[in-house]
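Q: pasting the sequence and the predicted coordinates here, then a few questions.
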Amino acid sequence: MNIKIYVAHHKPGFVYKSEVYEPIQVGRSLSDIKLPMLGDDTGDNISHLNPWYCELTALYWVWRNVTGLDYVGFCHYRRYLTPKRVSLKEFLHRVRFKWLTAKGYVNKEVYKGIYNYQRVYSEQRIIKFLKHDESTIWKSLNGELFLPRPIDMNLSVMKQFEEMHGREPLLVMIDAIKKYDPVFCPYLIQSLESHQLFAFNMFVVPWYKFSEIMTKVFLILNYVKDQLDLSDHTNSRMLGFLSERLIGGYLSKGSGGAEIVKCDVLTIS
């Protein structure tokens, strides 16, 4: 089983590299810092579009330049997926959920019970988790889709996005899906109307599923980019925000019957 989990980096910091985990610098063509790892600026790339596409420039690079993988995954320089349920005694990462609770997006009852979602660990502890997964879970894959545990919210994914970023970007994205993938549109609407958000663009999936989704995702987001004014700082990362809802929808609602494994999110302290 050939598997690579790419980890997006944009600045110096903790780096874990192994046979499975491969760090990659995003937006490298625009950066004054060249990190000692793969970059998204070689071969067929959109590295120069990183201010708008965020970590998607790494996804694009892998999609267009890597071959020979059975499974592919993505994590972030300070967030990693682990299918291994962590102990109740571990320290809960509360910062994000305090903010969501204050905004009314997550109710306090759900917040109190969300012990298994996102936690802060030392670099040494993170490495132990990653090495465990390398030697066990990532060696015995059988078509599953691995996603972060969804955030349970008081309001729908669509409503939460509207309150934070406005309604127009979502409507434009829905128009794009109707144009480029009309069969999936009802599933996306179902995902947007749910109260569960699959965040971060983090996943581990079979290569064929990744390639299939990337083909559609970039058609859709390129259309959105042409329709919206993304010139000001507030909207510059809009495609990244939309992509979380889009990729999360494709993987959670368009899984094609594959088993979905919901993973804990390990965050580096």
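A: Cool, got the structure.

Q: name the residues of the lengthiest helix in the chain that are buried.
A: Taking DSSP state H as the criterion, the chain has its longest helix at helix 207-227. Residues 207, 209-210, 213-214, 216-218, 220-225 are the ones in helix 207-227 that count as buried (16 or more other CB atoms under 10 Å). Placement of C-beta: from N, CA and C, glycine included.

Q: which one of those residues is nearest residue 20?
A: Ranked by distance to residue 20 (CB to CB), the buried residues of helix 207-227 are led by residue 207 at 14.3 Å.

Q: residues in contact with the longest helix of the chain?
A: 52-53, 56, 59-60, 63, 69-72, 145, 169, 172-173, 175-177, 179-181, 184, 238-239, 242-243, 246-247, 250-251, 256, 258 (CB atoms under 8 Å, 6 or more residues apart in numbering).

Q: which of the residues you listed count as buried?
A: Among the contacts of helix 207-227, those classed as buried by 16+ other CB under 10 Å are 52-53, 56, 59-60, 63, 69, 71-72, 145, 169, 172-173, 176-177, 180-181, 184, 238-239, 242-243, 246-247, 250-251.

Q: so of those residues, which ones are in helices?
A: 52-53, 56, 59-60, 63, 169, 172-173, 176-177, 180, 238-239, 242-243, 246-247, 250-251.

Q: report pLDDT for the residue sitting nearest the centre point of the chain.
A: Closest to where the C-alpha atoms of the chain average out (CA atoms, centre = their mean) is residue 201, at 0.9 Å. Listed pLDDT for residue 201 reads 96.

Q: would you agree it falls within a helix?
A: No - looking at residue 201 with DSSP: H, G, I helix; E, B strand; the rest coil, it is coil, so not inside a helix.

Q: touching, it and residue 243? I think so.
A: Yes - look at residue 201 against residue 243 with CB atoms under 8 Å: they come within range, at 6.1 Å.

Q: picking that back up, residue 47: which of the buried residues of helix 207-227 is nearest?
A: Proximity of those to residue 47 was ranked by CB to CB; the top entry is residue 218 with 14.2 Å.

Q: and the gap between residue 184 and residue 228?
A: 21 Å (CB to CB, to the nearest Å).

Q: residue 62 too?
A: In terms of CB to CB, residue 62 sits 26 Å off from residue 228.

Q: what do you get for residue 197?
A: 21 Å.

Q: try residue 35
A: Residue 35 is 31 Å from residue 228, by CB to CB.

Q: same question for residue 190.
A: Taken as CB to CB, the span from residue 190 to residue 228 is 24 Å.

Q: also residue 130?
A: Between residue 130 and residue 228 the computed distance is 37 Å (CB to CB).

Q: so the two - more neighbours on which side?
A: residue 130 (22 against 17; other CB atoms under 10 Å).

Q: what packs against the helix or strand that that one is a member of?
A: Here residue 130 sits within helix 123-135, counting by DSSP states H and E. Using 3 or more CB pairs under 8 Å, 6 or more residues apart in numbering; DSSP states H and E as the contact test, the elements touching helix 123-135 are strand 79-82, strand 260-268.

Q: deepest of those strands, which one?
A: Mean neighbour count (mean count of other CB atoms under 10 Å) peaks for strand 79-82 among these, with a mean of 22.

Q: helices or strands next to that strand in the packing?
A: helix 123-135, strand 260-268.

Q: want to throw these into CSV with distance to residue 17 and mean pLDDT?
A: Listed next are these as CSV, based on distance: least, CB to CB, whole Å; pLDDT from 0 to 100:
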stretch, distance to residue 17, mean pLDDT
helix 123-135, 10, 93
strand 260-268, 15, 91
